[in-house]
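1. Okay, predicted coordinates and the sequence, questions at the end:
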Amino acid sequence: FYLLKPIGGGGAAHGDMSEKKLPPHGAQRHDCHCGSHQPPQLLDRQRLVNSLQLKGVIAATYSLDLEWMQDTWPQLAGRQSHVPTLILHGQRGLDERLECGNGNGLARSNTNARNASVNDNKNDDADIDSIGSLEESWEDRDARASRANPQPNNAKQRPIEISRARDASSDIFQSSKNLHVTEVRTASKRRVSTSVTSEKQATSTKSKLETKRGVFHPKFMLLFETSGDVVVMVSTANLTGTSTVEGCWLQRFYSRRRPKDDTVSRSKLTRPTIWRKHGGNDFGQALTHFLKTVSKMSKATDIDVAKFMQQHLAINLTRFQYEYRFENAEVDLVAVMPGDYDVDHSMTQQGASKWKSIGRQRLGSLLINSINASSDGKRGHDTLIAQSTSLGSNWTRQQMAKLARSLLGANEHNDDDQMLQQINIVWPSCEYLVAKDQEKKNIKADRKRANGDSNGDSNKNSGDPNNFVPTLIDPTKIQNTGTAFLSTNSFNSCEESCILRLAHYVDCEPAQIDSALPHIKSMTRLCSEETSRQLQQQYGDAKEHISWFLLTSACMSYGAQGIVSQEKYSDSEKVSYANFELGVLFQSRLYHGDEIADSRLYCFNPTKCACHSAGDDSSRLIHLPIPFSLRPAMYTSDSEASLFNATPYFHEVSEGTQCIGNMMLTPYARHMASAQLQAQRKRRK
């Protein structure tokens, strides 16, 4: 697990430690890579891909910047491209845009072009709740956005700029060799039962088809090497020039077709792992199942995964799981796919066909029989940290409690209120974003002064993004970051009990990346203090001990996390998903006896350096470079349990929603309401 190195001036990276954050106790730079004395190095995604000898690439993204791809990976896109590449995406309007090069098609809606822009250098991948209903026209949506965020009179005309950018990206696509861009559809139909009452008051049941829409949201790369091996990368970053905080996992899987006398030792290819001893890793089955579903739901006129593999890689998708040694995966794959899925507890208990389950059911099947850091009966004391970049609408106490209950392994005897107390939803505040913006300006000013520019000026007293003091920052004055999506409409649509679980996004200490805004998404099961004390005695001390950590593309919405419903006239429950998502699970595994050497306990910031202590207990304590604090302060304080101490960041503030409902919890809304009341009193006088 790595954090990606930001590009494009996204912030100062401290993978090699800056002068102001030298390692303690006289340790030298680069001596520690385990996260004890200093954060591990950042991963340069661009450099990594360029270092490989590739024969094919399959990549998934929500948004796509072909100009950036041409500059970064010319072997994949542009006139110099020569590696067959398939890009799966969920960006609406992109296909039409790429097909109308050289000025053709400019008569299409400028609004469509603006919303489908691939050259904004932003991670514009809001979930369906934030983007809006797909049935809403682009023109109506643009008008709504303009009302919420009016442009200054002197603002440049965006449509002209985008039309030119559309020509550039279309030209790159047309000039690329073996570059395929495929849209993946997410609309699915399900049959629902409705009650119909006749004139004689007799009630009958009638079924109808209901269309459910979501977004294609995973971010991954399958890098097929000329050696026959494949590198699998699952991340939170789109195929754009990212200047945000992103997470990434990758692993090379060796081909089963390697000859026996290959330079790679047979022991490395066939080594038995503790995972297979305890049921095996079904990474290959889960990945193949996911790719098959993506292939089926790809746009009919585009090339799908199965055709691409057969045509350019001579691989049959149905046999993909057997082509590589996926059983050696160090993580578990957790996918989400559109559809309705039974909550079949018997299947998860028996562990049969675990790879067919998705989302929360998949997590349950992986964790129910695992020997992890929270399998000691203390489950009820752990905390679930849900960190997201989009908060969906209409969350109810019951639905959020069901989500927490399924991820924490609790039973139905734990009431909803108790479950809500164990989940924290990490979200940045307006104060955090303003401080981050000033931090970025300070870094630029420092660089100017270092280069001899006397005009470099900075405001060192601008505030700390990790300190949140109640202020009256107007969220409408903050520039849209393109990285976090929460509208006031969605905020007000959720039950207050869910909104009260919001916690501040606070940078970890020490921070690896300065001034960059978060785009990473994750779920963390944090061990309780009691469990941590027990683990400390055997495995060593750390700032935090982690039962499991899920790096994922999934946000906090019903489309990504699922919504539970009960079939009429039936006791069975179904979980409905609308999105495609993909993530990887880092699961602590604690063994005893002869297998204790295979144990691993994930943590944050271990006290003892394990870089030169292979074989002892500390070497089994593995640091995860989680970029935010796992013990964040809540938006509500003890003294005023129902009032926020800061205003959450909103990407959209709709007319008439500022001073109603849940918004009245925020300092901004309370100040506005007070100002409006005073103005009314003055008018009456």
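-> That came through fine.
2. List the buried residues for stretch 311-323?
-> H312, L313, I315, L317, F320, Q321, E323 (16 or more other Cβ atoms under 10 Å). All C-beta atoms are positioned from the backbone trio N, CA, C, and that covers glycine.
3. should've said stretch 75-82
-> L76, A77, G78, S81.
4. Which secondary structure element is home to the third one?
-> Right, G78. Using DSSP states H and E, G78 is not contained in any helix or strand.
5. got the contact list for it?
-> The contact partners of G78, taken as Cβ atoms under 8 Å, 6 or more residues apart in numbering, are M69, Q70, I172, S175, S176.
6. Verify the stated contact: the third one with Q70.
-> Yes. Between I172 and Q70 there is a contact under Cβ atoms under 8 Å: 5.2 Å.
7. can you pull out the strands in the stretch 151-300 of the chain?
-> Taking DSSP state E, counting those that start in this stretch as the test, the strands found in the stretch 151-300 of the chain are 179-183, 188-197, 203-212, 220-225, 230-235, 247-253.
8. Kindly report the same for the stretch 501-650 of the chain.
-> Residue ranges of the strands in the stretch 501-650 of the chain, as given by DSSP E, counting those that start in this stretch, are 502-504, 522-526, 542-552, 563-566, 573-577, 581-587, 601-606, 621-623.
9. what sits up against the first one?
-> Defining contact as Cβ under 8 Å, 6+ apart, one finds that strand 502-504 is touched by 424-429, 432, 468, 632-635, 644, 646, 648.
10. Which of those fall in helices?
-> Judged by DSSP state H, helices contain the following of the contacts of strand 502-504: Y432.
11. Counting neighbours, which bits of stretch 416-428 end up buried?
-> Using 16+ other Cβ under 10 Å as the test for burial, stretch 416-428 gives D416, M419, L420, Q422, I423, N424, I425, V426, W427, P428.
12. Under the pLDDT cut-off, which ranges of the stretch 401-550 of the chain? List them.
-> Low-confidence segments of the stretch 401-550 of the chain (pLDDT under 70): 411-413, 447-448, 450, 452-472.
13. re earlier: out of the strands of the stretch 501-650 of the chain, which gets nearest to L333?
-> Evaluated with Cβ to Cβ, these place strand 581-587 nearest to L333, the distance being 6.1 Å.
14. mean confidence for that closest one?
-> Taken as a whole, strand 581-587 has a mean pLDDT of 96.
15. Name every strand pairing with it and say which way it goes.
-> Strand 581-587 sits in its sheet next to strand 332-336 (antiparallel), strand 542-552 (antiparallel), going by DSSP bridges.
16. For those, give me CSV that also has distance to I358 and mean neighbour count.
-> Output for these, formatted as CSV (distance: least, Cβ to Cβ, whole Å; neighbours: other Cβ atoms under 10 Å):
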stretch, distance to I358, mean neighbour count
strand 332-336, 5, 26
strand 542-552, 12, 25
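17. Not counting its neighbours along the chain, what's nearest S497?
-> Spatial nearest neighbour of S497, excluding adjacent residues (Cβ to Cβ, 6 or more residues apart in numbering): R397 at 4.4 Å.
18. ok, the one you found - contacts?
-> D416, D417, L420, E495, S497, C498.
19. try it again with 10 Å
-> By Cβ atoms under 10 Å, 6 or more residues apart in numbering, the residues touching R397 are D416, D417, M419, L420, C494, E495, E496, S497, C498, R501.
20. now for the strands of the stretch 501-650 of the chain, which one comes closest to M672?
-> M672 sits nearest to strand 502-504 of all the strands of the stretch 501-650 of the chain, at 19.5 Å, using Cβ to Cβ.
21. buried stuff in that closest one?
-> Within strand 502-504, the residues that count as buried by 16+ other Cβ under 10 Å are L502, A503, H504.
22. and which of those is nearest G562?
-> The closest of the buried residues of strand 502-504 to G562 turns out to be L502 (Cβ to Cβ; 20.7 Å).
23. Show me the one of the strands paired with strand 581-587 that comes nearest F216.
-> Proximity to F216, assessed across those by Cβ to Cβ, is greatest for strand 332-336 (10.8 Å).
24. Show me what secondary structure element comes after that closest one.
-> strand 339-342.
25. which parts of that following strand are buried?
-> Result for strand 339-342 [16+ other Cβ under 10 Å]: buried residues G339, D340, Y341.
26. Where does the prediction get shaky in the stretch 101-250 of the chain?
-> For the stretch 101-250 of the chain, applying pLDDT under 70 flags the ranges 101-167, 188-212.
27. low pLDDT regions in the stretch 551-685 of the chain?
-> Scanning the stretch 551-685 of the chain for pLDDT under 70 picks out 567-570, 593-597, 612-619, 638-641.
28. ranges for the helices of it?
-> Assignment of helices within the stretch 551-685 of the chain using DSSP state H, counting those that start in this stretch yields the ranges 558-561, 667-684.
29. could those helices go into TSV alongside distance to D44 and mean neighbour count?
-> TSV is the format used below for the helices of the stretch 551-685 of the chain (distance: least, Cβ to Cβ, whole Å; neighbours: other Cβ under 10 Å):
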stretch	distance to D44	mean neighbour count
helix 558-561	29	26
helix 667-684	39	13
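30. Let's have those helices in TSV, adding distance to P627.
-> Output for these, formatted as TSV (distance: least, Cβ to Cβ, whole Å):
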stretch	distance to P627
helix 558-561	20
helix 667-684	26
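31. wait, which of the ones you listed is closest to T476?
-> Closest to T476 of these is helix 667-684 (Cβ to Cβ; 9.2 Å).
32. same for the closest one, what does it pack against?
-> helix 430-450 (3 or more Cβ pairs under 10 Å, 6 or more residues apart in numbering; DSSP states H and E).
33. in whatever helix or strand comes next after the helix it packs on, what counts as buried?
-> Sequence-wise, the next helix or strand downstream of helix 430-450 (DSSP H and E) is helix 488-493. Applying a neighbour-count criterion of 16+ other Cβ under 10 Å, one finds T488, N489, S490, F491, N492, S493 buried in helix 488-493.
34. Which residue comes closest to G562 once chain neighbours are left out?
-> Closest residue in space to G562, ignoring its immediate chain neighbours: V575 at 4.1 Å, by Cβ to Cβ, 6+ apart.
35. The one you found is in contact with L363, isn't it?
-> No. Judged on Cβ atoms under 10 Å, V575 makes no contact with L363 at a distance of 11.6 Å.
36. list the residues that contact both of those two?
-> In contact with both V575 and L363: S357, S406, using Cβ under 10 Å, 6+ apart.
37. Report the beta-bridge partners for the residue nearest to G562.
-> Y341, V564.
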